[in-house]
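# how does the following fold in three dimensions:
(chains A and B)
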Amino acid sequence: AQKVTQAQTEISVVEKEDVTLDCVYETRDTTYYLFWYKQPPSGELVFLIRRNSFDEQNEISGRYSWNFQKSTSSFNFTITASQVVDSAVYFCALSEAPPGEEELPQETSGSRLTFGEGTQLTVNP
Amino acid sequence: EAQVTQNPRYLITVTGKKLTVTCSQNMNHEYMSWYRQDPGLGLRQIYYSMNVEVTDKGDVPEGYKVSRKEKRNFPLILESPSPNQTSLYFCASSVHDSRYEQYFGPGTRLTVT
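From the prediction side, this is the model:
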């Protein structure tokens, strides 16, 4: 079964510190997609990034960067020079193929989405 | 404005009283899904739908039903709610399937006493 683990339940940093949120996943799929979502205190879920399993290039968007490493099944998220507005719960997620199609070589349609437990990030002034 | 709407936003009910949480999207998305969020467990998928009249179980489907009679609507039905279904529920949609960005509704806070 597919699984996403975010071992850090809570992280607390002081403003301007860099912080890395870990995400480790398990899948038998040859093709899969990984995501990060942000849930600020207001409660809505905000999409941050989507990455497919064939693209291992790191990505940077402003103060946000993502490190995807298939060798360690990890998709970590780093916030540089954190700000109070970054305080939120962050979720990592994995899209998997329908049951019975996990090992097909061609790209299959995704059906289920598995989320990690979430990491509560608090950035203090 | 492109959005996913859920109603009601808050609901307190009693054990055994059937209820429906509605979900509607205006983006002509094919894929819709329901999740529940519980402390320490993240979001868990209840049911999903790849298109009209096509639904399937997620990871925690027990005690829930869904239907997809129209592309825009995906109601979540609790036939006989129990206290362990007290949770925060999110509906989401995406253009094709779970490989794409999910657009989430605002959430429904359900309490079953």
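
# tell me the pLDDT at B:K65?
Looking at B:K65, its pLDDT reads 98.

# actually, A:N52.
89.

# pull the contacting residues for it.
A:31-34, B:99 (C-beta atoms under 8 Å, 6 or more residues apart in numbering or on different chains). Heads up, the C-betas are built off the backbone N, CA and C, glycines and all.

# ramachandran coordinates for it?
phi -90, psi 160 (degrees, to the nearest 10).

# so what's it bridging to?
A:Y33 (DSSP bridges).

# how far away is it from A:V89?
24 Å (C-beta to C-beta, to the nearest Å).

# need the residues of chain B near chain A, please.
B:33, B:35, B:40-45, B:48, B:50, B:56, B:58-59, B:88, B:90, B:92, B:96-104, B:106-107 (C-beta under 8 Å from any C-beta of the partner chain).

# quick one, phi psi at B:N51?
phi -180, psi -180.

# I'd like the contacts of A:N52 as CSV, with neighbour count appended.
Formatted as CSV, these follow (neighbours: other C-beta atoms under 10 Å in any protein chain shown):
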residue, neighbour count
A:T31, 19
A:Y32, 22
A:Y33, 22
A:L34, 22
B:R99, 23
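
# can you tell me which two in the residues you listed are farthest apart?
For the contacts of A:N52, with distances taken as C-beta to C-beta, the pair at the greatest spread is A:T31 and A:L34 (11.5 Å).

# identify the contacts common to the two.
By C-beta under 8 Å, 6+ apart, the residues touching both A:T31 and A:L34 are A:52-53.

# about what we covered before: quick one: buried ones out of the residues of chain B next to chain A?
Neighbour counting by 16 or more other C-beta atoms under 10 Å in any protein chain shown classes B:33, B:35, B:42-45, B:48, B:50, B:56, B:58-59, B:90, B:92, B:97-104, B:106-107 among the residues of chain B next to chain A as buried.

# tell me where chain A has strands.
A:3-5, A:10-14, A:19-21, A:24-26, A:33-39, A:46-52, A:59-61, A:64-69, A:74-79, A:88-96, A:112-115, A:119-124 (DSSP state E).

# err, chain B, not the other one
B:4-7, B:10-13, B:19-25, B:31-38, B:42-51, B:54-57, B:65-66, B:76-78, B:87-94, B:103-104, B:108-112.

# helices and strands around the fifth one, which ones?
Helices and strands touching strand B:42-51, as assessed by 3 or more C-beta pairs under 8 Å, 6 or more residues apart in numbering or on different chains; DSSP states H and E, comprise strand A:88-96, strand A:112-115, strand B:31-38, strand B:54-57, strand B:65-66.

# could the ones you listed be laid out in JSON lines, adding distance to A:A81?
Below are the helices and strands packed on strand B:42-51 laid out as JSON lines (distance: least, C-beta to C-beta, whole Å):
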{"stretch": "strand A:88-96", "distance to A:A81": "16"}
{"stretch": "strand A:112-115", "distance to A:A81": "27"}
{"stretch": "strand B:31-38", "distance to A:A81": "29"}
{"stretch": "strand B:54-57", "distance to A:A81": "43"}
{"stretch": "strand B:65-66", "distance to A:A81": "43"}
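
# count residues in the vicinity of the residue lying closest to B:V4 once chain neighbours are set aside, would you?
The shortest distance from B:V4 to any non-neighbouring residue, by C-beta to C-beta, 6 or more residues apart in numbering or on different chains, is to B:G105 (4.0 Å). By other C-beta atoms under 10 Å in any protein chain shown, 25 other residues sit near B:G105.
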